[in-house]
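> need a structure here:
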Amino acid sequence: MTDYETLSGEIPSKVRKFIREGKWNQPTSGLSNGYTQANLVILPEKYAYDFLLFCQRNPRPCPLLEVLDTGDPFVASTADHADIRTDIPKYRIYRKGILSAEVPDIRSFWQKDFVTFLIGCSFSFEQALLENDIPVRQIEEQCNVPMFRTTISCKSAGIFKGPLVVSMRPMSEKQAIRAIQVTSRFPSVHGAPIHFGSPEKIGIHDLSHPDFGDAVTIHNGEIPVFWACGVTPQAAVMASQPEIAITHAPGHMFITDRKDTAFSIL
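Numbering: from 1, shown residues only. Below is the predicted model:
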C-alpha cells in the first residue's frame, strides 16, 4: 500500500488512480491537501427528488456539490476523468436501510436508473484549520474522524428522515473560537460548528465510542467541537429504508479536482 505522507501532497487525479488500482483503502482525511472532498449517496431515480429536497431542507449536513445525470457514473463538474464506481476507497451497500456489504468498487452493483449525489465534506476545511495552527487530531493519529448521531432531527422530505450526524475534533477553547472563524468561510462544506463543549446537550454521552469512525485522544484542557457531517444521509437511509442505496464508507471520500478555496466565501 502507498504511504500516507506520499498521498498527502499528491494531486487528486493521481490519488484517485491509486484508489482505483486498490493501492489505498483507508480514510482520505489529509490526502491531496488543499482539494475539496465529497460524501457520496447513490439512489434509484424514483427516490432522487425526495433526496434532493432533503438536501435542500438540511443544507448544513447535506451541502450539494454536484448531481450526476441518471445512469451516468462519470463525474462532470467537480473532477475530470473520474468514475464514481471505482474512485472511492470503500463503499457501503444498503438494502432497505440495512448495511449489506462494504466493497472497494461498485461496478457490479451499478443500475441504469441510479442518480449520484456528491455532498460537501468537512475534510475540505481541515487544511485551513492546520494553516491556522489548529490541530486535526485524526490526521495526527492517522485514523478516521469520530462521528456521532445526535438527538437533533433533520427536516424530513418525502421518504427521507433521520437524525443529524456530527463529526468531532478536539481543541482548546481559544482554538475553537478561531476554528469557528475559519470554517464559517466554507458553507459549502458544512461551515461553522453546530455545537461545542457539552456533548450531552446534543445527545452524545460517550466520546470514546463514536457511532462511525474512530475515537481520538482528547487532551487535558481541550473541548469537543462538532460540525454537521455528511454521514447524515446514511442515517437517513437507515431510517427511511429505500430498496437500495450506495454511499461511501464513513471517512472514505471522493477527492475532487476543486480547490478548497473555490468554496470559500472570503
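> Find the helix or strand that residue 223 is a member of.
Under the criterion of DSSP states H and E, residue 223 resides in strand 222-228.
> Report the buried residues of that strand.
Buried residues in strand 222-228, defined by neighbour count with 16 or more other Cβ atoms under 10 Å: 222, 224, 225, 226, 227, 228. In this view, the C-beta of every residue, glycine as well, is placed from N, C-alpha and C.
> how near is residue 20 to residue 56?
To residue 56, residue 20 is 32 Å away according to Cβ to Cβ, to the nearest Å.
> And for residue 122?
Counting by Cβ to Cβ, the gap from residue 122 to residue 56 is 20 Å.
> got it, and residue 67?
According to Cβ to Cβ, residue 67 stands 11 Å off from residue 56.
> So what touches the strand holding residue 223?
60-61, 122, 148, 150, 164-173, 176, 179, 183, 190-197, 199, 202, 204, 207, 218 (Cβ atoms under 8 Å, 6 or more residues apart in numbering).
> what sits against the nearest residue to residue 242 once chain neighbours are set aside?
What sits nearest to residue 242 in space, not counting adjacent residues and going by Cβ to Cβ, 6 or more residues apart in numbering, is residue 47, at 5.1 Å. Residue 47 makes contact with 158, 159, 160, 242, 245 under the criterion Cβ under 8 Å, 6+ apart.
> about what we covered before: more neighbours: which of residue 67 and residue 56?
Comparing residue 67 with residue 56 by neighbour count (other Cβ atoms under 10 Å), the higher total belongs to residue 67, at 18 against 12.
> Give me the spatial nearest neighbour of the more buried one, chain neighbours excluded.
residue 117 (5.6 Å).
> Pretty sure the one you found sits in a helix.
No. Residue 117 is assigned strand when assessed by DSSP: H, G, I helix; E, B strand; the rest coil, not a helix.
> how about the helices in the chain?
Using DSSP state H, the helices of the chain run over residues 4-8, 12-20, 45-57, 126-131, 137-140, 173-183, 232-240.
> Of all these, which one is nearest residue 95?
Each of the helices of the chain has some distance to residue 95 by Cβ to Cβ; the shortest is helix 232-240, at 10.1 Å.
> Show me what that closest one is packed up against.
Secondary-structure packing of helix 232-240 (3 or more Cβ pairs under 8 Å, 6 or more residues apart in numbering; DSSP states H and E): strand 35-44, helix 45-57, strand 91-95, strand 163-172, strand 245-248.
> who wins for proximity to residue 6 among the ones you listed?
strand 35-44 (15.4 Å).
> would you put the C-alpha positions of that closest one in CSV?
Extracted as CSV, the C-alpha positions of strand 35-44 are listed here (Å, rounded to 0.1, in the frame of the first residue of the first chain):
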residue,chain,number,x,y,z
TYR,A,35,-8.6,20.0,-2.5
THR,A,36,-12.2,19.5,-1.7
GLN,A,37,-13.5,16.1,-0.7
ALA,A,38,-17.1,14.9,-1.1
ASN,A,39,-19.5,12.5,0.5
LEU,A,40,-21.5,10.1,-1.7
VAL,A,41,-25.1,9.0,-2.0
ILE,A,42,-26.4,6.9,-4.9
LEU,A,43,-30.1,6.1,-5.2
PRO,A,44,-32.6,4.9,-7.8
